[in-house]
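Asks: below are the sequence and a predicted model; questions follow.
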Amino acid sequence: MKSKRPPRVLAALLFASVACSDDDGPTGPERGRIFHVRVGADEFRMRVTDPDTVQLAMDNLAGRNSKFPNGPIMAGDGGFNAPWTWHFVPESVRMVDSSIELCDGSPSYVESHRAEYFASGYCPWAARVIAVE
């Protein structure tokens, strides 16, 4: 016969699962915010976990700055950037005023030249935040 957990352990587990706030959800502080970004005719999504970068992206959405994302990208959609097969590294992406031309480009260009962008990072100069989840 299998042993059962004491009722107090089950109660504690139940309380812990009910007590979790929305802050622990897919876009809470632990997971960041997901922003929809337009570059020309293309769009992509980026998850941002750095609080200062989240604020700068929100300001970009509101038209209060002209910054653009800059940072390393990795293979795969990261669970948020489909249909693209790359994504910004959420804890490393930043909103910047300027960057080198080498990392500029459209999402579709990045898609067809991923190895180059994995090496240099991605910094779409014409990017603008258009929505937040």
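Replies: Structure's in. What do you need? Computed from a prediction, not measured in an experiment: that's the story for all the values here.

Asks: Provide the backbone phi and psi angles at the residue nearest in space to the middle of the chain.
Replies: Geometric centre of the chain, nearest residue: Arg47, 0.9 Å, by CA atoms, centre = their mean. The phi/psi pair for Arg47 (degrees, to the nearest 10) reads phi -100, psi 130.

Asks: can you count the residues close to the closest residue to Ala41 other than its chain neighbours?
Replies: Nearest residue to Ala41, sequence neighbours excluded (CB to CB, 6 or more residues apart in numbering): Ser106, at 7.8 Å. Backbone N, C-alpha and C define where each C-beta goes, glycine included. Number of residues near Ser106 (other CB atoms under 10 Å) recorded here: 16.

Asks: do I have it right that Ser106 meets Tyr122?
Replies: No - using CB atoms under 8 Å, Ser106 makes no contact with Tyr122, being 10.3 Å away.

Asks: could you check how far the residue nearest to Ala41 is from Tyr117?
Replies: Per CB to CB, to the nearest Å, Ser106 is found 11 Å from Tyr117.

Asks: so where is this protein shaky, pLDDT-wise?
Replies: 1-30 (pLDDT under 70).

Asks: that one: helices as residue ranges?
Replies: 7-19, 51-61, 107-112, 114-120 (DSSP state H).

Asks: what is the third one packed up against?
Replies: For helix 107-112, the packing partners by 3 or more CB pairs under 8 Å, 6 or more residues apart in numbering; DSSP states H and E come out as strand 42-48.

Asks: need the residues that contact the strand it packs on.
Replies: By CB atoms under 8 Å, 6 or more residues apart in numbering, the surrounding residues in contact with strand 42-48 are 31-37, 54, 57, 69, 78, 80-81, 84, 87-88, 90, 93, 106-108, 130, 133.

Asks: what of stretch 53-71?
Replies: Under CB under 8 Å, 6+ apart, the answer for stretch 53-71 is 32-33, 35, 37, 46, 48, 88-89, 92-97, 99, 103, 121-132.
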